[in-house]
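> just the structure for this:
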Amino acid sequence: MVRVFAALLLAAAGLGLARASDVSDTLDDIAKCSAIADNAQRLACYDAAAPKVRAALNVETKEDGVTLFGLDIFGGEDAAGSGEATRPEDFGKQDLPPPVETVQQGGVITEITIALADAGVSKAGREIYVLENGQVWRQKEAADLKLPRKAAGVRVKIRQGALGAYYLSKEGTNKSVPVERIK
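Numbering: from 1, shown residues only. The predicted structure is shown next:
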């Protein structure tokens, strides 16, 4: 019995050392990535290291979960779906929409939905839209989207049209205006 207990204790100690070694190796990989000067190569290095970081920190992502037709077949529910905050920055924001929603086709973003930080009118009479992410868009043609006086917080959708055109609409409406990004 003592031998079995000693063997289990040694196995547990070995497992702990292996885990510490994995964390150390992962940190070394991250340090190597930060030394790369070329932006694309550095990003590729970080992308390659990301699964090792999640494994070393024992963090599960949606990609790690086992699903069948989009449903968790083991019945687990992630913290975001359960309404319970697991990080201080998530406390109280379970019902808030994400800051920027995107639609992609073939890996290319074709549409974003985001809240306005502000809106105004240029000297030429064209509306200017300042998004929460800092982007600034200007109307290309005179049209009225019927935004409230205080436009901050109003969610808008910007979609890419044909031949490089972009159209902005207030979320929940079908009326859109052609816009161009100026910042």
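
> make it CA atoms for all contacts and neighbour counts henceforth
Noted.

> any idea what Tyr129 is bridged to?
Ala119, Trp137 (DSSP bridges).

> my guess is it contacts Ala115. True?
No - counting by Cα atoms under 8 Å, Tyr129 sits too far from Ala115 to count as a contact (10.1 Å).

> higher neighbour count, those two?
Comparing Tyr129 with Ala115 by other Cα atoms under 10 Å, the one with more neighbours is Tyr129, at 25 against 22.

> which segments of the protein make up each domain?
Domain assignment of the chain by automatic domain parsing yields the ranges 2-89, 100-181.

> for this protein, what spans make up the strands?
Remark: strands assigned in the chain by DSSP state E are 67-68, 71-72, 100-105, 108-121, 127-131, 136-139, 155-160, 166-170, 176-181.

> tell me which helix or strand in the chain has the weakest average pLDDT.
Ranking every helix and strand in the chain by mean pLDDT, DSSP states H and E puts helix 79-82 at the bottom, with a mean of 47.

> which one of the domains of the chain has the lowest average pLDDT?
Among those, domain 2-89 carries the lowest mean pLDDT, at a mean of 63.

> could you check how far Ala152 is from Gln135?
Distance of Ala152 to Gln135, given as Cα to Cα, to the nearest Å: 14 Å.

> ok, now Leu147?
Applying Cα to Cα, the value for Leu147 to Gln135 is 18 Å.

> again with Thr26
Separation of Thr26 from Gln135 (Cα to Cα): 36 Å.

> the two: who's more crowded?
Comparing Thr26 with Gln135 by other Cα under 10 Å, the one with more neighbours is Thr26, at 21 against 13.

> do I have it right that the more buried one meets Ala48?
No - under the criterion of Cα under 8 Å, Thr26 makes no contact with Ala48, lying 10.9 Å away.

> ramachandran coordinates for Ala142?
Main-chain dihedrals, Ala142, degrees, to the nearest 10: phi -70, psi 120.

> for it, grab the count of nearby residues.
Close neighbours of Ala142, defined as other Cα under 10 Å, add up to 12.
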